[in-house]
Structures are given as structure tokens and as C-alpha cells.
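Q: Sequence first, predicted model second:
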Amino acid sequence: MIRGIEYVFYDHPYWDKEKKQNRHRRTYVGKLDRNGDFVPNAKWHALNGSASGTNVDLPRKLATRQYCGATYLLDEVCREIGLTDDLRTCLPRNWQAILSLAYYLVLESDSPMYRFGRWAHDHRHPYGSEITSQRISELVLQIPEQAKMEFFRLRAARIEDGEYLAYDSTSVSSYSEAIKAVRYGKNKDGDDLPQINIGILIGERSCLPVYYRILPGNIADVSTLPKLILDVDFIDISRLRLVIDRGFCSRANMDRLLETDYSFVVGGTATSGYVKRHIDTTLAAAKDFRHFDELHGVFGYTYKEKWQCTSQGAKPENAGKHEKTIYVHVYYNGVRAEDEKLKFAKKVRTVAELVAGGKKLSASQESTRDKYLVVGDSVDFNDEAIRTHMDRMGYFALVSNNTITAAEALELYRRKDIVEKAFDNCKDRLELRRTAVNSDAALAGTLFVQFVALIIISGISKRMRSADLFRTHTMQSLLDALDVIERYDYHGIAPHFGEITNKQALLYQSMGVSSPNTL
């Protein structure tokens, strides 16, 4: 049944050699009217050799069957995390189509969106019908910015009390010259192509994405934080707690964060004067076992410091110079220290050999030469500079503005890898290594659909980790194992599901979902 109308199909089962599964092709031949009588279409008459309007003896009980096992799991996950309700609220006309496209991206990770129609023909999904490639193109252009921001507000409202949000960005390469945000910049995948950047905000406890934004490809991470703060205010995230990488750390950004009164943990840069000062303080005490963090295998120390804010501030009432308290957490990791020393020694020796041989140096190698070599009639090492640099290896720092311990700050920061996992899912499962659109509007709409799919993937991934299912399954193998379950719809009879094996039932149970045959 699609939008209240019962359609009739001929079912043609076949064996899919690639997926090693029984699959089905269906031919649409008509529909049932309000009385349950079959109304054939031209296709039916052509197949059965009768003219349109000719009386034919037709069975009253007609059947349809579609794959539903994986989409049933997605239905339950979306319902429990509130995604279905949020989309319905923001996009009352198109939410089912957008959710179905997101289902397709999740389940058919290696397929382009224009092939949705073939998949939709065989699967139950929220929209319940096929969507042509042209209609998909129109649909992504019809997602208003206001609806997206409302969606972000609703997702933000579901943040757990006390939950920190991790923020980071990634680059997506593009061949398009029509997208304004496409620029050459620091490509995080190492591609020699222009790019756009995408920033994502994710709950470190729920592991669910909350917000994203598109950035020009030539914008450095450190420049994006002020706009993030403004957007966060707009989508009304109350009691914001941020975890951000050291790439966003600068004096101006520290001022802005402190003036918002948001809680934060940010990676400290080793070149910052206040970080270097506290590392020097820690050098002598780095092996005091009273400060050993067994969980993370590091020594951790916390220093309280007064910070003089000097920027104009994120809020007018905070403009001018004023004082705030920050906490600098300094860590020493012996394994990391030895690894850094080995890499550094190889780098210095390589540069020394290049200099001695009169070879041309890169800008980075010239910097190494100037700092750590003495070049005259011969090439020698600057022992004092090398020793001073190596003494500080294995140290790193985090900065927070609330009274958490060094161990707590590090635990929060290390959970930030959920953002990296999200980026991996975007690029690997959602085919986002290259943009395949040629306009700003198409890019904006397509990314929104992919963001919805990313929320679903993140919800599934968290359940799999909680149940330790990644030890025996990939996400794709789990979804494929459930995808073969079928639903049968007979006219006049309650729908029922095909056989569900014990292994499939156990997968549903492990994912916190009841099997469909128990409905």
C-alpha cells in the first residue's frame, strides 16, 4: 500500500550473484479500488493479451511482498532517537521522501542516489514509492534553510544534560567550478583538488550528530570558531559544553570561548607561552606516580591560571579587558616520547645529509636546519637545541575552564574521535569523498540528506559498540543479514513477515529492538 492505495505487482524472483541472495523484480500491473476489486492497467492487458476494458476473471486476493528486515531496524532506531518526529515537524511535506533516501544511503552504501528507484521497488520504506532521479534532484532543491535550522534546534534539544559536544571539520574534494565554496586549501585527504570544508558538532555521549555547516575550502579551522559560536546561539543550545581540537586554539578563540561562559576542553598548542611554561614546570615531576593515570597510561598534572581576555568579545557586555580562570592540564606519555624522539632523530639526520650533499631543501627542512644544525665548513649538530627539544617530547596539554581533573579532561578529549568516525562514515559509507553536484543549492540539499543518513549510521554504530557486535560483524554485514527478511501483504488479510532465523532474532535483540514477527 502506498499513500492509501493498494498497488498490484507481478513478482519475479531471481538469484543475485553479487549479494548471493534471493532478490525480486516486480512489474506494476494495476491497483485495487475501494471495494477491493482489481483495476488493471495497460501493462496488465499487454501481458495478458486482452484489450482495455475487457471483462476478465481476476482473483480478489492479491499479494505483494517486499524486503523489510533492515528498514524495520532503521524505523525503530529513528523512532527511538527522535529523528522521525524531528523530520516530520520540520519538513511535513517531504519528510518521508528524505528519510527514505537516507535509508537507501545507509543500506546501499556503494550506490549513487539516482539508483534509489530500483531499490525502493523491492523494499518497504517510509515514502512507500519510487522516486525518479529528476524528482530527487527537485527534492534536494526544496529543503529550505529555515527548515534545516529548525531541525538543528530540535536535535539540540535532545542533548543529554551535562553532555559535551565535539566539533571538528573535514575537507571534501570537488571538480565543480559552479559551487562558490569550492576553493583550494589544506586538503585533509591529501588530494590535489579544490574542496569544501564541513564542520560537524556531535554529542560525545550520545554519539549523535547535532549540527553541521558548509565552509569555503580555503578557510582554516582556527577561523571557524567565531561563526560556530553565533550559530550555536541561534539554534539555542543551552548549557553548551564543547570539546575541540588544538587546530581551533588561538588567543582570540580562547577569549571568545571564555566570554561566552560555555564549558570547554580544547587541545593546547605546544608553541603557546602558557603551555610551554607549564610543561617546563612539569618536567621535574613527570614521573611522580601519584599523578599516574592508569586508564590512559599517562602522568597528568593540572595548573590553575588567570587569563586576561583582551578581545572585543562574543557578547557586547563582555567587551574590554577582564580576567577569567582557566585550567591547563599537562600530560606525559613515555611511549609517545620515545616514538617522537625516533622520528625527530631520523628527520634531523636526513636534513644533515642533504645539507652536506648540497641538496635543495624544502621550507620545512630549512627550518630544521636553522634550528638544529650548525653549518660552516662542515655540518654539525646543535646539541643544546636538540636536547632541549627532545626533553619536551611526550608532553601534550589540554585547556579547560571548569574544575575537572586531568584524567576527566583527557577522557572527554579522547572521546572526540567520534567526530573522526563520523567523517569516515561520511566519506566511506555515504560516498562523500567527492561532491557530485554542480550548484550551491544542490550541494546544500544533498548534504542535508547525507547528514540525516549520518545520524542513522551513528545511532546504529553506538548500539553495535554497546553490544560488542563489531567483534563479529561489520555494519554492512549486520544490515545485509536482516535485509533478506520479507513482509507479505495479502488483500483482506493482516500482513505477516517471512521466516526469521535465531541468528536474525538475536541481532535484533542485541540492537535493542524486538523482532518484527513479535508484532
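A: Sure, I can see it. Numbers count the residues shown, from 1 in each chain.
Q: what sits against residue 367?
A: By C-beta atoms under 8 Å, 6 or more residues apart in numbering, the contact set of residue 367 is empty. Heads up, the C-betas are built off the backbone N, CA and C, glycines and all.
Q: Surely it is in a strand?
A: No. Using DSSP: H, G, I helix; E, B strand; the rest coil, the assignment for residue 367 is helix, not a strand.
Q: and it, how far is that from residue 485?
A: 60 Å (C-beta to C-beta, to the nearest Å).
Q: Next: residue 416.
A: Residue 416 sits at a distance of 37 Å from residue 485 (criterion: C-beta to C-beta).
Q: more neighbours, these two?
A: The residue with more neighbours, out of residue 416 and residue 485, is residue 485; 23 against 20, by other C-beta atoms under 10 Å.
Q: what does the model give that one for pLDDT?
A: Note on residue 485: pLDDT of 91.
Q: Now it: phi and psi?
A: When read as degrees, to the nearest 10, the backbone of residue 485 gives phi -70, psi 130.
Q: what's around residue 42, how many residues?
A: 10.
Q: what about the strands in the stretch 201-350 of the chain?
A: Assigned by DSSP state E, counting those that start in this stretch, the strands in the stretch 201-350 of the chain fall at 209-216, 241-244, 263-268, 292-293, 298-309, 322-332.
Q: Mind putting the ones you listed into TSV with mean neighbour count and mean pLDDT?
A: Putting the strands of the stretch 201-350 of the chain into TSV (neighbours: other C-beta atoms under 10 Å; pLDDT from 0 to 100) gives the following:
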stretch	mean neighbour count	mean pLDDT
strand 209-216	21	84
strand 241-244	24	85
strand 263-268	23	88
strand 292-293	16	88
strand 298-309	17	89
strand 322-332	20	89
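Q: Of all the ones you listed, which one is nearest residue 495?
A: For the strands of the stretch 201-350 of the chain, the distance to residue 495 is smallest for strand 209-216, at 33.4 Å, taking C-beta to C-beta.
Q: Paired strands for that closest one, with orientation please.
A: Strand 209-216 sits in its sheet next to strand 195-203 (antiparallel), going by DSSP bridges.
Q: taking the mean pLDDT, what do you get for the partner strand?
A: 83.
Q: And stretch 115-130, by the same measure?
A: 88.
Q: End to end on that stretch, go ahead and measure it.
A: 10 Å (C-alpha to C-alpha, to the nearest Å).
Q: Contacts for it next, please.
A: With contacts defined as C-beta under 8 Å, 6+ apart, stretch 115-130 is touched by 1-3, 23-26, 66-68, 71-72, 75, 84, 95-97, 99-101, 103-104, 107-108, 111, 131-133, 136, 487.
Q: Tell me the buried residues in it?
A: Buried residues in stretch 115-130, counted by 16 or more other C-beta atoms under 10 Å: 116, 119, 120, 121, 122, 123, 124, 125, 126, 127, 128.
Q: And the pLDDT for residue 506?
A: Note on residue 506: pLDDT of 95.
Q: Mind telling me what element it is part of?
A: Element membership for residue 506, per DSSP states H and E: helix 502-510.
Q: tell me what that helix is packed against?
A: Helix 502-510 sits against helix 475-483, with contacts defined as 3 or more C-beta pairs under 8 Å, 6 or more residues apart in numbering; DSSP states H and E.
Q: which residues touch the helix it packs on?
A: Contacts of helix 475-483 (C-beta under 8 Å, 6+ apart): 19, 21, 67, 69-70, 72-73, 106-107, 109, 429, 457, 460-461, 464, 469, 473, 503-504, 507-508.
Q: With stretch 224-240 instead?
A: Contacts of stretch 224-240 (C-beta under 8 Å, 6+ apart): 149, 152-153, 156-157, 159, 161, 165, 167, 169, 197, 199, 201, 210-211, 213, 215, 244, 248, 253, 256-257, 260, 262-263, 314.
Q: how does it look with 6 Å?
A: If you take C-beta atoms under 6 Å, 6 or more residues apart in numbering as the criterion, stretch 224-240 is touched by 152, 153, 156, 199, 215, 248, 253, 256, 260, 262, 314.
Q: and this protein, what are its domains?
A: Per automatic domain parsing, the domain ranges recorded for the chain read 1-15+27-53, 145-273+301-323+398-463, 336-391.
Q: Need these in CSV (columns: distance to residue 293).
A: Below are the domains of the chain laid out as CSV (distance: least, C-beta to C-beta, whole Å):
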stretch, distance to residue 293
domain 1-15+27-53, 56
domain 145-273+301-323+398-463, 5
domain 336-391, 14
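Q: Please identify the deepest-packed of the ones you listed.
A: domain 145-273+301-323+398-463 (a mean of 18; mean count of other C-beta atoms under 10 Å).
Q: Could you check how far that one is from the centre of its chain?
A: Averaging C-alpha positions (C-alpha atoms, centre = their mean, to the nearest Å) puts domain 145-273+301-323+398-463 11 Å from its chain's average.
Q: That domain: end-to-end distance?
A: Note: domain 145-273+301-323+398-463 ends 31 Å apart using C-alpha to C-alpha.
Q: the bottom helix or strand of this structure by mean pLDDT?
A: Least confident helix or strand of the chain, by mean pLDDT, DSSP states H and E, is strand 434-435 with a mean of 56.
Q: After it, which helix or strand is next?
A: helix 440-466.
Q: tell me the angle of that next one relative to strand 209-216?
A: Using axes from the mean of the first three to the mean of the last three C-alpha atoms, to 10 degrees, the inter-axis angle of helix 440-466 relative to strand 209-216 is 140 degrees.
Q: Now do helix 440-466: distance to the chain's middle.
A: Per C-alpha atoms, centre = their mean, the centroid offset for helix 440-466 relative to its chain is 6 Å.
Q: Which other helices and strands does that helix contact?
A: In terms of contacts (3 or more C-beta pairs under 6 Å, 6 or more residues apart in numbering; DSSP states H and E), helix 440-466 is packed against helix 95-107, helix 133-140, strand 209-216.
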